[in-house]
Each structure stands twice: as C-alpha cells, then as structure tokens.
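Colleague: Task: produce atomic coordinates for the following.
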Amino acid sequence: MKKIVLIILLISTGLFAQKHNNKGQGPNHERIKALKTAHITEQLDFTSEEAEKFWPVYNKFDKKLMELREKERSEIMSKLRNGGIDALTDEEANVIIDRMLVMKTNEMEYRIELVNNLRGVLPPKKIIKLQRAEESFKRMLLERLKERRGKKK
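Modeller: This is a model prediction of the structure:
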C-alpha cells in the first residue's frame, strides 16, 4: 500500500508540475520537489489517511516558505550584487542584517504554524521524524551536487 501511495504521489507531482509551472521554475525544481515528497513519504511511513491529511498542510507551508525565500533572494541578494559586501556602507549592511533576521523570524513562525497544524494530523513522533527527514533530504541533495561538480572537473 505504501508503495502505491508513493508511486501515485510521484506521478501526480510530475503531472502537476508540467501543467502548473507558472513561476518560471525549471524541471529541476519540480524534480527535486518530487524527490523530496518521495523521501518524506518513505521516511515517515505514512498510512494512507495520514498522507491524505499531511500533504495539503505541508504543501501550504512549503509554498509559503518558498515565497519567503524568493523574496529574500530578490531583496537581499540584489543589494549585494552591486559591488558585493565590501561595497556596502555600514548603514546598508545593518539594513540587510535586519532584513535577514526578519526573514529568519518569519521562517520560524511558519515552522511553528506547521507543527501546530500537524499535531492534529500526525503522531508527535512523526512530526519529529519530519524534521529529520527534511534534514537528511538536504544532506542527500548536497552530496549529489558535490558528486556532480566533482565529475565535471
């Protein structure tokens, strides 16, 4: 049953990505999202009922987090491109630091909201496993990136 749910999630994510790629995000973004979905599903060993309740909550969180990070990239990184960090005045640097802290605070608020919403959906141990699954997925992606960069040299 678990494998069937996983396969359906992967296929539906791929189809959804092809139809709704409206932010200009390439196929790599959608491929990574599908891999993340599969990884989390496998790590948390969802029942079909848990998966049905979990993914709408998690996807809403993930979307908000992605929008926040895109905003951060556009606001902060654009300021750094004009000559880099060394070209900033102390005042400009302090503005960027404050903006980064606001973004991190918002990110933490989103995570708190996610956990509170998941408390009625998943057992507490699976909420903890979610954090570990997200971290292990990030490590896996970084390892793959290092491998690819090593092969290109």
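Colleague: What segments of this structure are helices?
Modeller: 2-19, 27-44, 48-72, 78-81, 90-118, 124-152 (DSSP state H).
Colleague: what bits of the protein have low per-residue confidence?
Modeller: The chain contains residues with pLDDT under 70 at 1-26, 82, 153.
Colleague: Kindly recompute the last result at 90.
Modeller: Applying pLDDT under 90 to the chain flags residues 1-31, 69-89, 92-93, 95-96, 99-100, 144-153.
Colleague: got the contact list for stretch 103-112?
Modeller: 61, 64-65, 68-69, 71-72, 76 (Cβ atoms under 8 Å, 6 or more residues apart in numbering). Using the backbone N, CA and C atoms, a C-beta is placed for each residue, glycine as well.
Colleague: Buried residues, that stretch. List them.
Modeller: 103, 110 (16 or more other Cβ atoms under 10 Å).
Colleague: As a quick check, tell me the outermost residue of this structure.
Modeller: Largest separation from the mean C-alpha position in the chain: T89, at 32.5 Å (Cα atoms, centre = their mean).
Colleague: still on that earlier bit, from the contacts of stretch 103-112, pick the one nearest E147.
Modeller: Within those, the smallest distance to E147 is 24.4 Å, found for R69 (Cβ to Cβ).
Colleague: Now do the same contact list for that closest one.
Modeller: Contacts of R69 (Cβ under 8 Å, 6+ apart): M103.
Colleague: how close does it get to E134?
Modeller: 14 Å (Cβ to Cβ, to the nearest Å).
Colleague: residues in contact with G150?
Modeller: Contacts of G150 by Cβ under 8 Å, 6+ apart: none found.
Colleague: Can you report how many residues lie near E135?
Modeller: The criterion is other Cβ atoms under 10 Å. On that basis, E135 has 10 neighbouring residues.
Colleague: likewise L122?
Modeller: 23.
Colleague: And it, its phi and psi?
Modeller: phi -120, psi 150 (degrees, to the nearest 10).
Colleague: how close does it sit to K129?
Modeller: 9 Å.
Colleague: wait, isn't R99 in contact with S74?
Modeller: No. Between R99 and S74 there is no contact under Cβ atoms under 8 Å: 11.3 Å.
Colleague: This completes my enquiry, with thanks.
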